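Novice: Attaching a predicted model along with its sequence, questions to come.
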Amino acid sequence: MTLRSVLPVLVTVALMGATLKGQEQFTLLASFVERGSGNAVETVAAADVTVTEDGVPATVVKVEPVARTVKVQVLIDNGAGVGRNIVELRNGVRGLVEALPPDVETTLVATAPQPRFLVKATKNRDELLKGIDRLAPDSGTGRFTESLAEAAERANKEKDTFTVIIAAGTTSGDAKVLDSDVQRAFEQVGRKPMIVHVLLYAGERSASGGVTQAEVGERVAQMTGGRYEFINAMTRYSTLLPELGAEVAKQISGNTRQFRVTVQRPAGKKGDLGKVSVSSTSKALNGLWRE
């Protein structure tokens, strides 16, 4: 599932294997926009939403609005993979921050030699830009998986929020990451609706963890409907960050208001949830998550 400002009418959720333990109902979180304009909507009627499980119509019991505060976390690999390109990295992150809406709380985290706050959550644009100026290169390698797990864990502790995580990483790092660390990252990302975008630069210095980071990055982007990009040139990396900031700004406009969709499973459906598809007769679906 790819999230854009306007999506096709029909979206299928990858819920194969989800266990309901005998429950006959399940809930989804969805965001909708006006078809054509891409503007967020304030109300959606249950009659406007159609849900199927394995192609069999289910019953939409109710649709309730849920107000969400959108927050952004930016994870920045400032380690050996960046090398002498630190100025281009700063410029790219600066462009990303400037492209975000000014009223969105944003956190900046440097990931080398370990995850640490560059700027804690704030809406103050000046503080964020000053923090980017302080971003210094480190001879260590970025902790991609660890920083991702910590960011998702912070997001899971928030109430009534929707978090967008942007991981600006390189392939130089995570050489000693454990399988348990990878599993922790997946579990944290999967606990609550969020979007994770991953930009991975082929670092200046090779490291054995590059394959792990690519696999983890691509999977979490797929899990959350985010964007995954592998870039060979730092010049493209630094220009893509502001582009991603503008894309996130569009996503944010459609996710401040979400809708909880309560669904009665088709007659006879029990156990693991099958493939669920959702469509709307009057709106365009902008995002969909299993709650």
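Specialist: Yep, it's here. Numbers count the residues shown, from 1 in each chain.
Novice: and Val196, what element?
Specialist: strand 194-201 (DSSP states H and E).
Novice: So what's the gap between that strand and the chain middle?
Specialist: From the chain centre to the centre of strand 194-201 is a distance of 7 Å (CA atoms, centre = their mean, to the nearest Å).
Novice: can you check stretch 30-45 too?
Specialist: Distance of stretch 30-45 from the chain centroid (CA atoms, centre = their mean) equals 20 Å.
Novice: Please save the CA atoms from it in CSV.
Specialist: The C-alpha trace of stretch 30-45 is given here as CSV (Å, rounded to 0.1, in the frame of the first residue of the first chain):
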residue,chain,number,x,y,z
ALA,A,30,-8.6,5.1,7.9
SER,A,31,-8.1,8.6,6.6
PHE,A,32,-10.0,9.9,3.6
VAL,A,33,-9.7,12.9,1.3
GLU,A,34,-12.0,14.5,-1.2
ARG,A,35,-11.7,12.8,-4.6
GLY,A,36,-10.0,15.2,-7.0
SER,A,37,-8.9,17.9,-4.6
GLY,A,38,-7.1,15.8,-2.1
ASN,A,39,-8.6,17.9,0.8
ALA,A,40,-9.2,16.2,4.1
VAL,A,41,-12.8,15.3,5.0
GLU,A,42,-14.5,16.0,8.3
THR,A,43,-17.2,13.3,8.2
VAL,A,44,-17.7,9.9,6.6
ALA,A,45,-20.9,7.8,6.8
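Novice: Buried ones in it, by neighbour count?
Specialist: 30-33, 35, 38, 40-41, 44 (16 or more other CB atoms under 10 Å). C-beta here means a position set from N, CA and C on the backbone, and glycine is covered the same way.
Novice: With adjacent residues omitted, what lies nearest to Asn91?
Specialist: Spatially, and ignoring its direct neighbours in sequence, Asn91 is nearest to Ser238 (5.4 Å; CB to CB, 6 or more residues apart in numbering).
Novice: Am I right that that neighbour is in a helix?
Specialist: Yes: assessed with DSSP: H, G, I helix; E, B strand; the rest coil, Ser238 lies in a helix.
Novice: What segments of the chain are helices?
Specialist: Taking DSSP state H, the helices of the chain run over residues 86-99, 125-133, 144-157, 179-190, 210-224, 234-255.
Novice: show me what contacts the residue nearest to Asn91?
Specialist: Neighbour list for Ser238: 85, 88-89, 91-92, 95 [criterion: CB atoms under 8 Å, 6 or more residues apart in numbering].
Novice: repeat that with 6 Å
Specialist: By CB atoms under 6 Å, 6 or more residues apart in numbering, Ser238 lies in contact with 88, 91-92.
Novice: Assess the claim that Ala121 and Thr107 are in contact.
Specialist: Yes: contact criterion CB atoms under 6 Å: Ala121 and Thr107 qualify, at 4.5 Å.
Novice: Walk me through the domains of this structure.
Specialist: As recorded under automatic domain parsing, the domains making up the chain are 10-42+53-68+257-290, 74-253.
Novice: Average pLDDT for the longest one, rounded please.
Specialist: When you say that, I think you mean domain 74-253. Mean pLDDT, taken over the full extent of domain 74-253, equals 91.
Novice: from the chain's centre, how far out does it sit?
Specialist: Per CA atoms, centre = their mean, the centroid offset for domain 74-253 relative to its chain is 11 Å.
Novice: can you pull the contacts of the residue most central in space within the chain?
Specialist: In the chain, the centroid-proximal residue (CA atoms, centre = their mean) is Ile195; its distance is 1.5 Å. Ile195 makes contact with 164, 224, 226 under the criterion CB under 6 Å, 6+ apart.
Novice: Adding neighbour count and distance to Arg265, write those out as a markdown table.
Specialist: Formatted as a markdown table, the contacts of Ile195 follow (neighbours: other CB atoms under 10 Å; distance: CB to CB, whole Å):
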| residue | neighbour count | distance to Arg265 |
| --- | --- | --- |
| Val164 | 27 | 31 |
| Thr224 | 24 | 24 |
| Gly226 | 26 | 28 |
